[in-house]
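Student: Provided below are the primary sequence and the corresponding predicted coordinates.
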Amino acid sequence: MIEPEDRIALQDVFRARVQRKYAIPFLMDYVQAGFPSPAENYIERVLSLDDLCIYHPEATYFIRVGSDSMIGDRIDRGDFLLWDAYYCSPEVTHGKIVVVQLGEDFAVKRINYVDSNQLILESSNPKYLPIYVNKGDKFKVCGRVTFAFQKLI
């Protein structure tokens, strides 16, 4: 059972839709922790976040995190996750962070595929217990989380 504070509300699930592409300058040089690099003003090319983050446009969604259950993976309450529904089987997503539906509830967890009869959904916050999913439970892997976006300021 997914704890009430760990559930993701349906209004926090959004379809990723490309309406405009913004070309963002991409500096090929690494960010230095000391003095600036003489090549810092050299723009190698431009990138689109769509091209960088979206692998399967028809199967890509945003979801907003509503709990602190994944803070050990640097996923905080209020962050937006990009998830790809193309990856939706337990075998393919083993060890990955996924969006799951258990009963009527949605959550973000790390999936550990045990065998065809059982798998474990784990939080990365020790205050949340693992969830054991058995064959016959109303359960679905909705997709694999591919990117996390958070506001730093």
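Tutor: It's in. Numbers count the residues shown, from 1 in each chain.

Student: quick check: residue 103 touching residue 131?
Tutor: No. In this structure, residue 103 is not within contact of residue 131 by CB atoms under 8 Å, at 10.9 Å. Just so you know, the C-beta spots here come from the backbone N, C-alpha and C atoms, and that holds for glycine as well.

Student: looking at those two, which one has more neighbours?
Tutor: A count of neighbours by other CB atoms under 10 Å puts residue 131 above the other of residue 103 and residue 131, at 20 against 10.

Student: what stretches of the chain score poorly on pLDDT?
Tutor: Residues of the chain that meet the criterion pLDDT under 70 lie in 1-7, 10-47.

Student: and the strands in it?
Tutor: Using DSSP state E, the strands of the chain run over 13-15, 24-27, 43-47, 60-64, 80-84, 97-102, 105-115, 118-122, 131-134, 139-149.

Student: closest one to residue 74 among those?
Tutor: Of all those, strand 139-149 sits nearest to residue 74, with 7.1 Å by CB to CB.

Student: other SSEs contacting that closest one?
Tutor: Judged by 3 or more CB pairs under 8 Å, 6 or more residues apart in numbering; DSSP states H and E, strand 139-149 is in contact with strand 80-84, helix 90-93, strand 97-102, strand 105-115.

Student: ok, now with 7 Å
Tutor: strand 80-84, helix 90-93, strand 97-102 (3 or more CB pairs under 7 Å, 6 or more residues apart in numbering; DSSP states H and E).

Student: what's the closest of the ones you listed to residue 149?
Tutor: Nearest of the helices and strands packed on strand 139-149 (CB to CB): strand 80-84, 4.5 Å.

Student: show me what the closest one is packed against.
Tutor: Under the contact definition 3+ CB pairs under 7 Å, 6+ apart, strand 80-84 sits against strand 60-64, strand 139-149.

Student: which residues does that strand contact?
Tutor: With CB atoms under 7 Å, 6 or more residues apart in numbering as the test, strand 80-84 has contacts from 16, 53, 55-56, 59-65, 75, 99, 108, 143-149.

Student: among the residues you listed, name the buried ones.
Tutor: Those of the contacts of strand 80-84 that meet the buried threshold are 16, 59-65, 75, 99, 108, 143-146, 148, by 16 or more other CB atoms under 10 Å.

Student: in stretch 92-106, what counts as buried?
Tutor: For stretch 92-106, burial by neighbour count (16+ other CB under 10 Å) applies to 93, 96, 97, 98, 99, 100, 102, 105, 106.
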